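Student: Sharing a sequence plus its predicted fold:
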Amino acid sequence: MESPLQCQPDKLYMISLDELKSHINPMKSCDEAIKNVVTTSVNCEDAAYVFLGTHEVSTERSGRLYQNGRISFYLTQLEVEDSTGFIQEIEFYDMNITGGDPKLTVELIAENSTASLRFNVVISKGYFQIDSFTFNDTTYYVSDLYAPISHSFSCGKILLKKDKKKLIIKRMQIQYDVIPHPSDFKFKDAWTCEGFTSPGIISGLFVTAIFVGVLSLGISMLMNVQSPTKFETPGGPILHINVVE
């Protein structure tokens, strides 16, 4: 890029522009670089150039299904962030279940480490619920993690905090089965952690209700407009109606 290209018949130059990704405006920098190469090249009257770009495609990593007795637990990724900001990714190889209805203790054991993730699944009134996750000696409390026994619970990302520490659970799905899972297992319909009553949705419903109310009031007022049903008596003053053409 610092010296002009020497064009020759049947000669092909491959120029990498990866270094320009760190620029403030990478596309503009690429255009300027190509323009400089073409305009400063020597004996390139009949040369052609092609700008090839790559589209970055993010592939979602596959998770793992853990099953033991009546609990089926699917997990894509677990990350632990300490107080210094260091993020550690934890992978598990086995899941153990202790206890029995109405409270089961689930423990996932990490590979090549003494770390483990523990939580309790409580069965009550046709629902199963989890109120906390314990990683090593730190307990992270969670709310609204429950679902009917006839469904599973699914969440794309759960972020829990405790004393400048973070526990990040990605693509989690859990299910409790009254009867141990069959060989052709598949998750039931899921209750998700995405609540319907978010602030944006509530605001939209509130504004829509006001608009519909005002519109209904205006339409009803227009529909109630009527012509006069009575006029003055013959002996009274004459009714004058001025019409301007």
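Tutor: Happy to help now that I have it. Numbering: from 1, shown residues only.

Student: doesn't residue 102 make contact with residue 122?
Tutor: Yes: counting by C-beta atoms under 8 Å, residue 122 does reach residue 102; the two are 6.2 Å apart. Bear in mind the C-beta positions are built from the backbone N, C-alpha and C, glycine included.

Student: which of these two has more neighbours?
Tutor: residue 122 (14 against 11; other C-beta atoms under 10 Å).

Student: Next up, the contacts around the more buried one.
Tutor: 102-103, 128-131 (C-beta atoms under 8 Å, 6 or more residues apart in numbering).

Student: Please give the element, helix or strand, for it.
Tutor: Assigned by DSSP states H and E, residue 122 belongs to strand 116-124.

Student: Distance from the chain centre to that strand, please.
Tutor: 25 Å (C-alpha atoms, centre = their mean, to the nearest Å).

Student: quick one: average confidence on the helix or strand following it?
Tutor: Remark: after strand 116-124, the chain's next helix or strand is strand 127-129, criterion DSSP H and E. Mean per-residue pLDDT for strand 127-129: 92.

Student: in the helix or strand just after strand 127-129, what's buried?
Tutor: Next helix or strand after strand 127-129 toward the C-terminus (DSSP H and E): strand 132-135. Neighbour-count burial for strand 132-135 flags 133-135 (criterion: 16 or more other C-beta atoms under 10 Å).

Student: ditto for stretch 96-111
Tutor: 97, 104, 106-108, 110.

Student: Assumed residue 220 was part of a strand.
Tutor: No: judged by DSSP: H, G, I helix; E, B strand; the rest coil, residue 220 forms no part of a strand; its state is helix.

Student: got the contact list for it?
Tutor: So residue 220 contacts nothing (C-beta under 8 Å, 6+ apart).

Student: Please report how far it lies from residue 227.
Tutor: From residue 220 across to residue 227, the span is 18 Å (C-beta to C-beta, to the nearest Å).

Student: now residue 151
Tutor: From residue 151 to residue 227 the distance is 61 Å (C-beta to C-beta).

Student: which residues sit against stretch 159-171?
Tutor: Stretch 159-171 has contacts (C-beta under 8 Å, 6+ apart) with 60, 63, 74-83, 133, 135, 138-142, 155-158.

Student: can you do 6 Å?
Tutor: 63, 76-83, 135, 138, 140, 157-158 (C-beta atoms under 6 Å, 6 or more residues apart in numbering).

Student: Over to stretch 147-157?
Tutor: Looking at stretch 147-157 with C-beta under 6 Å, 6+ apart, the contacting residues turn out to be 126-127, 170, 172-176, 187-193.

Student: The same query, at a cut-off of 8 Å, please.
Tutor: For stretch 147-157, the surrounding residues in contact (C-beta under 8 Å, 6+ apart) are 72, 123, 126-128, 145-146, 168-176, 178, 187-194.

Student: Show the average pLDDT along that stretch.
Tutor: 90.

Student: cool, stretch 74-92 as well?
Tutor: Mean predicted confidence for stretch 74-92 is 86.

Student: helix or strand right after the helix or strand of the chain with the lowest mean pLDDT?
Tutor: Least confident helix or strand, the chain: helix 26-40 with a mean of 67, by mean pLDDT, DSSP states H and E. Next along the chain after helix 26-40, taking DSSP H and E as the criterion, comes strand 64-68.

Student: Paired strands for the following helix or strand past that next one, with orientation please.
Tutor: Toward the C-terminus, strand 64-68 is succeeded by strand 71-75 as the next helix or strand (DSSP H and E). Strand 71-75 pairs in its sheet with strand 64-68 (antiparallel), strand 165-176 (antiparallel), by DSSP bridges.
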